[in-house]
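pasting the sequence and the predicted coordinates here, then a few questions.
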Amino acid sequence: MPHGLQAQTSWLRTSDRVRLYAVEAGSGSTGVVLAHESPGGLCGWIPALPTFTAHGIRALAFDFRGFPPSASPPNRTSGHFAPDLQAAVDALRADGARKVFVVGASFGGAAALDAAPNLHDVAAS
């Protein structure tokens, strides 16, 4: 973690019971889900966390299913990542975020766009 960054790791559980590894930093009523690129994982977002937290934004980065240490079910097509994104949104909402945005890099962006019509309680993706 970047020097001085206060962050917590956790496990999220999707609606289809898949365990996802996550890291959350910051506080505030606005949150952002950070969806990673492929190949890659949540670590690609770590350098950006201080920027979000410095602006009062709660940030949650997670590893999609099939990207260790998250669980790896047999399907890995982008159409099956909506539960992963929803679990991250739900975690931020449960931790106090009233408005949640979804941001994706490359693969994560494609997954977010694909899932957007089915995501609940999201301000924008």
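Received, thanks.

okay, now Pro39: neighbour count?
Pro39 sits with 9 neighbouring residues when counted by other C-beta atoms under 10 Å. Glycine gets a C-beta too; all of them are placed from N, C-alpha and C.

kindly report the same for Ala71.
A count of nearby residues for Ala71, using other C-beta under 10 Å, gives 17.

you'd agree it is up against Val18?
Yes - under the criterion of C-beta atoms under 8 Å, Ala71 makes contact with Val18 at 4.9 Å.

what is in contact with the two at once?
When contacts are counted by C-beta atoms under 8 Å, 6 or more residues apart in numbering, Ala71 and Val18 are jointly contacted by Arg65.

and the contacts of the helix or strand where Leu49 lies?
Secondary-structure assignment from DSSP states H and E places Leu49 in helix 49-54. Helix 49-54 is touched from outside by 1-2, 4-7, 23, 25-27, 32, 58-59, 61, with contacts defined as C-beta under 8 Å, 6+ apart.

where is the longest helix in the protein?
Secondary structure of the chain per DSSP state H: the longest helix is helix 82-94.

which residues does the spatially closest residue to His80 that is not a sequence neighbour contact?
Beyond its immediate neighbours in the sequence, the residue positioned closest to His80 (C-beta to C-beta, 6 or more residues apart in numbering) is Arg65, lying 7.5 Å away. The contact partners of Arg65, taken as C-beta under 8 Å, 6+ apart, are Thr14, Val18, Leu20, Ala71, Ser72, Pro73, Arg76, His80, Phe81, Asp84.

helices - which of these land there?
Secondary structure assignment by DSSP H places Asp84 of those in helices.

contacts only, for Ser29.
Ser29 is in contact with Gly96, Ala97, Arg98, Lys99, counting by C-beta under 8 Å, 6+ apart.
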